[in-house]
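>>> The following comprises the amino acid sequence and a computationally predicted model.
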Amino acid sequence: MPELPEVETVRRGLAPSMEGAVLKELELRRNDLRFPFPADFARHVAGRGIRSLSRRAKYLLIDLDDGKTIVAHLGMSGSFRVEAGAVADTAGTFHHPRSKDEKHDHVIFHLAGAGGDARVIYNDPRRFGFMDIVPRVDMASHPFFRDLGPEPTGNELGADYLAKRFAGKAQLLKSALLDQKNIAGLGNIYVCEALWRSHLSPLRAAGTLVTDAGKPTEALQGLVVAIREVIADAIAAGGSSLRDHIQADGSLGYFQHSFSVYDREAQPCSTPGCGGTVSRIVQAGRSSFYCAACQS
C-alpha cells in the first residue's frame, strides 16, 4: 500500500495540473471502487473550481470552490496519471514498466486550466481505493479523520506527546507506531526504517521508552528524530514506488534503493561496525525487518 511519502509525491505531481483548474466533468466508469461513489458525485462536482490539493495521513484532499473536498485514498494499487492533448505525458525515467491498462481507468477528471485542457486519470487494478466528498468544515469530525493522530512531519509530534501515549503500555513498539491514533500516516516500511535508525527493536514494549515519571527517555527522543528524518528523506526522493505505485507524471520514486532494513532479509546490517544481519519476522500479519545485533 502506498504510504505517506508516496501520497505526498502524488499530491505534488498533480498540483500543477489541478490547482486553479475547473473540473469540467468527473467521468465515473463504474459505480464503485472499494465503496460505492457518493450519490450524484459527478453532478455535484461538475463545473467547480479546484482551489488546492492537500494531504492528511494517506488521504489526498482536493478542495473545491464551494467549500467541499474530494477525499481520495489510493488503496493497494491506485495511481493517478496526467494526460494533456492527444498523448499521455510520460515524463520521467522508468525503473519498472509502467502499466497503462485502460480497463483499470475508473475515474477521469476532465480539467480546463490556464495551460489548456487536461485529464487526470485514476487507475486501480485491485479497486481497493475509494473516493468521497466531504464539507471541509466537517473534516475534523468525519469518521475518516476524527481519530487520527498528528502527522509525522507536524509540530504536534514530539517525544512528550508520544510519552503520554506510550506510558504503561506493554504493546509492542512496532504496533504502537502503526496505530493511526498515535501517529497518522506512518506505515510499515517507514516504521521499520525509523526503528533501525534509532536502534530500537520492533519487539520492544512501547512503555519502556517512558520513565517512571512519565517523561520520554533519550531513546524515545531519538525515535522522534528518526521518524521525521526517514519521512523527509522519502518525500525528497519522490516516494518508494513499490510494486505498482507510480508518480503522477509516470516516473518512479527511488527511495526503495535507499532502504536500510526493509526487504533486506539476510543481508548485512549497514550500521557502521555492527556486523549483524537483517532478520525478518511477522507481526500482526506484516513483515518486520530489523537487525537484532544493533536494535534493542
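Looks like it came in fine. Numbers count the residues shown, from 1 in each chain.
>>> Skip the chain neighbours and tell me the closest residue to L157.
Leaving aside its chain neighbours, L157 sits nearest to P150 (4.6 Å; criterion: C-beta to C-beta, 6 or more residues apart in numbering). C-beta: built from backbone N, CA, C; applies to glycine.
>>> Isn't that neighbour up against L186?
No - counting by C-beta atoms under 8 Å, P150 does not reach L186; the two are 10.3 Å apart.
>>> These two: who's more crowded?
Ranked by neighbour count (other C-beta atoms under 10 Å), P150 and L186 place L186 first, with 25 against 17.
>>> and the more buried one, what is it in contact with?
L186 makes contacts with E3, L4, P152, L177, L178, Q180, I227, I231, as judged by C-beta atoms under 8 Å, 6 or more residues apart in numbering.
>>> Just name the lowest-scoring one in these, pLDDT-wise.
Here the lowest pLDDT out of the contacts of L186 sits on E3, with 85.
>>> for it, what are its contacts?
K58, G185, L186, G187, N188, I189, Y190, A234, S240.
>>> Please name the nearest non-neighbouring residue to it.
Closest to E3 by C-beta to C-beta, 6+ apart is G187, at 3.7 Å.
>>> Mind splitting the chain into its structural domains?
Taking automatic domain parsing as the reference, the chain has its domains at 4-141, 159-291.
>>> Is it correct that I281 is in contact with C291?
No - counting by C-beta under 8 Å, C291 is not a contact partner of I281; they are 11.8 Å apart.
>>> show me where pLDDT drops low in this structure?
Within the chain, the set of residues satisfying pLDDT under 70 comprises 1, 85-100, 239-246, 250-257.
>>> for P272, helix, strand, or coil?
coil (DSSP: H, G, I helix; E, B strand; the rest coil).
>>> Please apply the same query to D249.
Using three-state DSSP, the secondary structure recorded for D249 is coil.
>>> I'd like the distance from it to A184, if you could.
Separation of D249 from A184 (C-beta to C-beta, to the nearest Å): 26 Å.
>>> which of these two has more neighbours?
Each of D249 and A184 has its neighbours counted (other C-beta under 10 Å); A184 has more, 22 against 18.
>>> Figure out the helix or strand that that one lives in.
Counting by DSSP states H and E, no helix or strand carries A184.
>>> F166 - nearest residue in space that isn't next to it in sequence?
Leaving aside its sequence neighbours, F166 sits nearest to A206 (C-beta to C-beta, 6+ apart; 4.1 Å).
>>> Check whether the one you found really touches A163, as I assumed.
No - counting by C-beta under 8 Å, A206 does not reach A163; the two are 10.0 Å apart.
>>> Quick check on V82: phi, psi?
Dihedral pair for V82: phi -110, psi 130, per degrees, to the nearest 10.
>>> hey, what's it bridged with?
Assessed by DSSP bridges, V82 has beta-bridge partners V120.
>>> State the distance from it to A248.
According to C-beta to C-beta, V82 and A248 sit 6 Å apart.
>>> can you list residues touching both of these two?
Residues touching both V82 and A248 by C-beta under 8 Å, 6+ apart: G13, L14, S17, V120.
>>> Of those residues, which belong to strands?
Within these, residues falling in strands by DSSP state E are V120.
>>> I'd assumed S279 was in contact with Q267.
No - applying C-beta under 8 Å, one finds Q267 not in contact with S279, separated by 10.2 Å.
>>> Could you check which of those two has the larger neighbour count?
Neighbour count, other C-beta under 10 Å: between Q267 and S279, S279 has more, with 17 against 13.
>>> Quick check: bridge partners of that one?
The partner residues for S279, given DSSP bridges, come to Y290.
>>> For G214, see how far away it is.
Noted for S279: a distance of 32 Å to G214, by C-beta to C-beta.
>>> And for F289?
The spacing between F289 and G214, counted by C-beta to C-beta, is 31 Å.
>>> higher neighbour count, these two?
A count of neighbours by other C-beta under 10 Å puts F289 above the other of F289 and G214, at 23 against 12.
>>> who's in contact with the more buried one?
Per C-beta under 8 Å, 6+ apart, neighbours of F289: C192, W196, V261, Y262, D263, R264, E265, V278, S279, R280.
>>> And it, how close does it get to H199?
14 Å.
>>> ranges for the strands of the chain?
Ranges of strands in the chain, per DSSP E, are 22-28, 48-56, 59-64, 68-73, 79-84, 87-88, 105-113, 116-123, 130-135, 278-283, 286-291.
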